[in-house]
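J.: compute the structure for the input listed below.
(2 chains)
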Amino acid sequence: RKEVEQDPGPFNVPEGATVAFNCTYSNSASQSFFWYRQDCRKEPKLLMSVYSSGNEDGRFTAQLNRASQYISLLIRDSKLSDSATYLCVVRTDTGRRALTFGSGTRLQVQP
Amino acid sequence: GAVVSQHPSRVICKSGTSVKIECRSLDFQATTMFWYRQFPKQSLMLMATSNEGSKATYEQGVEKDKFLINHASLTLSTLTVTSAHPEDSSFYICTPGGARGAFFGQGTRLTVV
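T.: Now for the predicted structure:
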């Protein structure tokens, strides 16, 4: 079983749509959670950290459910520029503290 | 601005040759650097962790004699792919440990022909 699981998609949505991505993680010792965005053949870029209380950054809202080991990302009013692969990432904050990545969910926003 | 500078961004090499990839931390000292590899349509997988002043730590299944890691100083970590084979063709990328760990180098796309 993968440590971080995501639906690979692709999600094809029209501009202006709301789209939600989900992610589950298996390591209950995970303590930090993130969503990254990766454009084709580029390095991942941090989109937002995810907190238990939920957090919002403009059109993006992230939620964390520690009991269910479940993370979500909601994108409202999708733009063409949102087309990318969204990576769910977790980290344990002991030991080597490396990031563990999901394989990503591909989003294609269409005009 | 960039936190980590990684070079080269793209390299094509012949089978059997070696390729060195550099990651330099900019304006800060990185005692730890994580090296990842990403095959097409797959997730980034941790290969190894370089530590300044000590030996690198390799993940299970990663050959330490093939992927040589050196953390020569607090601002430079290198990954050398030795005796490269076509199956080593991949996207290699680094990220520092610690507070700057949210940032990545630009990545190196290696193609072995």
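J.: those strands in chain A, which residues are they?
T.: Per DSSP state E, chain A carries strands over the ranges A:4-6, A:11-14, A:19-25, A:30-38, A:45-50, A:55-57, A:60-65, A:70-75, A:84-92, A:99-101, A:105-110.
J.: does the first one reach chain B?
T.: Put plainly, it is strand A:4-6. Yes. Strand A:4-6 lies within reach of chain B by CB under 8 Å from any CB of the partner chain, at A:Val4. C-beta coordinates here come from the backbone N, C-alpha and C atoms, glycine included.
J.: could you list the paired strands of that strand along with their orientation?
T.: In the sheet, strand A:4-6 lines up against strand A:19-25 (antiparallel) (DSSP bridges).
J.: now stretch B:40-59: mean pLDDT?
T.: Across stretch B:40-59, the average pLDDT comes to 91.
J.: measure it end to end?
T.: Stretch B:40-59 has an end-to-end distance of 20 Å (CA to CA, to the nearest Å).
J.: may I see the buried residues of that stretch?
T.: B:43-52, B:56-58 (16 or more other CB atoms under 10 Å in any protein chain shown).
J.: could those go into JSON lines alongside distance to chain A and secondary structure?
T.: Below are the buried residues of stretch B:40-59 laid out as JSON lines (distance: CB to the nearest CB, whole Å; DSSP: H, G, I helix; E, B strand; the rest coil):
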{"residue": "B:Ser43", "distance to chain A": "4", "secondary structure": "coil"}
{"residue": "B:Leu44", "distance to chain A": "4", "secondary structure": "coil"}
{"residue": "B:Met45", "distance to chain A": "8", "secondary structure": "strand"}
{"residue": "B:Leu46", "distance to chain A": "5", "secondary structure": "strand"}
{"residue": "B:Met47", "distance to chain A": "10", "secondary structure": "strand"}
{"residue": "B:Ala48", "distance to chain A": "10", "secondary structure": "strand"}
{"residue": "B:Thr49", "distance to chain A": "5", "secondary structure": "strand"}
{"residue": "B:Ser50", "distance to chain A": "11", "secondary structure": "strand"}
{"residue": "B:Asn51", "distance to chain A": "9", "secondary structure": "strand"}
{"residue": "B:Glu52", "distance to chain A": "14", "secondary structure": "coil"}
{"residue": "B:Ala56", "distance to chain A": "11", "secondary structure": "strand"}
{"residue": "B:Thr57", "distance to chain A": "7", "secondary structure": "strand"}
{"residue": "B:Tyr58", "distance to chain A": "12", "secondary structure": "strand"}
